[in-house]
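Visitor: Sequence first, then the predicted structure:
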Amino acid sequence: MANIVIALIVNVDNTLHIPMYFFLTQLSCLDICYLSVIVPKILENLMVGTIGISKLGCAMQMFFFLFFGVAECFLLAAMSFDRYTAICKPLHYATIMNGRCCHQLAGGSWVTGLLASAIVTSLMPQLTFCGPNEIDHFFCDFMPLVKLSCSDTHWIELVTFILASLLTVPPFLLTLISYVYISNTVLRIPSSTGRHKAFSTCSSHLTVVTLFYGTLIIVYLVPKAHILGDLNKVFSVCYTVLTPLVNPLIYSLRNNNVKKALRTSVNKYRIFNKTYSASCQLLSETETSD
């Protein structure tokens, strides 16, 4: 609901039509899609009590999970670059982060996610399954599916490791470097109140980003991560459910401009409702007197 509200508010309020809020809208839409792939099936299994998923459903869940997960990795990096440009290069911000650049960064994130997901999913027909059909996970992730295969999976695991390295480590490093430069710039702010406010915002963003990337890297890149057992499922909850849940709280709902736009929209809605109710009442009284 928070993600939907943010997407609507940014599109309705003209004062929020700037690059920062454009990326926040993209993140909200991405989180809605990301959560919708996994959470409804989990809730269905918990409520009905019959835990199961069809082969086609499993393949589709894995495809869209990878699609939106990789897209979010690159979108978060794009958002950190936007903040770096705004804070460290304010005079060049409008030139660098123009409409074309913003759309290219956002579109590139979605396209990269789609291509990465298509590559990984295309590897699945190469696997042979002849043993148990129980996935030791709460959704259809790639590595738990690979463990069920009775064919040789070494080359597939190698390809997956290389892809995971390319799709998580560079965006994470770009994000960290951006925030290092942002921190250096913030330290030069003469006002202690301004420094505290900037550090509060940056630390919140960096905490969520580190939680998202960190748990992804542990699950997919740490050697012998399967030894961690059920702890991997806890890490998976962090990047599949927890991060999309807190993103709107950290990035948007703590933002004064978003809160102001939300109050304005609510007030407009109340005024419209009162006007509409009064018009209906007046029309009813007129019809009665006639």
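Guide: Nice, thanks for sending it over. Numbers count the residues shown, from 1 in each chain.

Visitor: residue boundaries of the helices in the stretch 101-250 of the chain?
Guide: 142-148, 154-187, 192-221, 230-237, 243-247 (DSSP state H, counting those that start in this stretch).

Visitor: Tell me the pLDDT of Ile182.
Guide: pLDDT for Ile182: 86.

Visitor: what kind of secondary structure is the nearest residue to it once chain neighbours are set aside in?
Guide: Spatially, and ignoring its direct neighbours in sequence, Ile182 is nearest to Ile87 (5.1 Å; CB to CB, 6 or more residues apart in numbering). In this view, the C-beta of every residue, glycine as well, is placed from N, C-alpha and C. Classification of Ile87 using DSSP: H, G, I helix; E, B strand; the rest coil returns helix.

Visitor: Just give the number of residues close to Ile87.
Guide: 20 (other CB atoms under 10 Å).

Visitor: I'd like the distance from it to Val237, if you could.
Guide: When distance is defined by CB to CB, to the nearest Å, Ile87 is 32 Å away from Val237.

Visitor: Quick one: distance of stretch 151-170 to the chain centre.
Guide: 22 Å (CA atoms, centre = their mean, to the nearest Å).

Visitor: Next: stretch 117-135.
Guide: 26 Å.

Visitor: isn't Cys202 right up against Ile182?
Guide: Yes. Using CB atoms under 8 Å, Cys202 makes contact with Ile182 at a distance of 5.8 Å.

Visitor: anything in contact with each of the two?
Guide: Listed contacts common to Cys202 and Ile182 are Arg83; contacts here mean CB atoms under 8 Å, 6 or more residues apart in numbering.

Visitor: and the residue nearest the centre of the chain, what pLDDT?
Guide: Nearest residue to the geometric centre of the chain (CA atoms, centre = their mean): Asp31, 4.2 Å. Looking at Asp31, its pLDDT stands at 89.

Visitor: Likewise for the one 5 residues further on?
Guide: On pLDDT, Ser36 comes in at 90.

Visitor: gap between it and Thr128?
Guide: 31 Å.

Visitor: and if you look at Leu245?
Guide: For Leu245, the distance to Thr128 - CB to CB - is 38 Å.

Visitor: Please identify which of these two sits among more neighbours.
Guide: Leu245 (14 against 11).

Visitor: How about the more buried one, nearest residue that isn't a chain neighbour?
Guide: Leu35 (7.8 Å).

Visitor: In which helix or strand does the one you found reside?
Guide: With elements taken from DSSP states H and E, the one containing Leu35 is helix 19-48.

Visitor: and the angle from that helix to helix 230-237?
Guide: 130 degrees (axes from the mean of the first three to the mean of the last three CA atoms, to 10 degrees).

Visitor: by contact count, what packs against helix 19-48?
Guide: Applying 3 or more CB pairs under 8 Å, 6 or more residues apart in numbering; DSSP states H and E, we find helix 19-48 packed against helix 2-12, helix 55-88, helix 99-122, helix 243-247, helix 256-289.

Visitor: Mean pLDDT and distance to Leu158 added to the ones you listed, as TSV?
Guide: Shown next, in TSV, are those (pLDDT from 0 to 100; distance: least, CB to CB, whole Å):
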stretch	mean pLDDT	distance to Leu158
helix 2-12	83	36
helix 55-88	89	17
helix 99-122	92	13
helix 243-247	84	28
helix 256-289	62	44
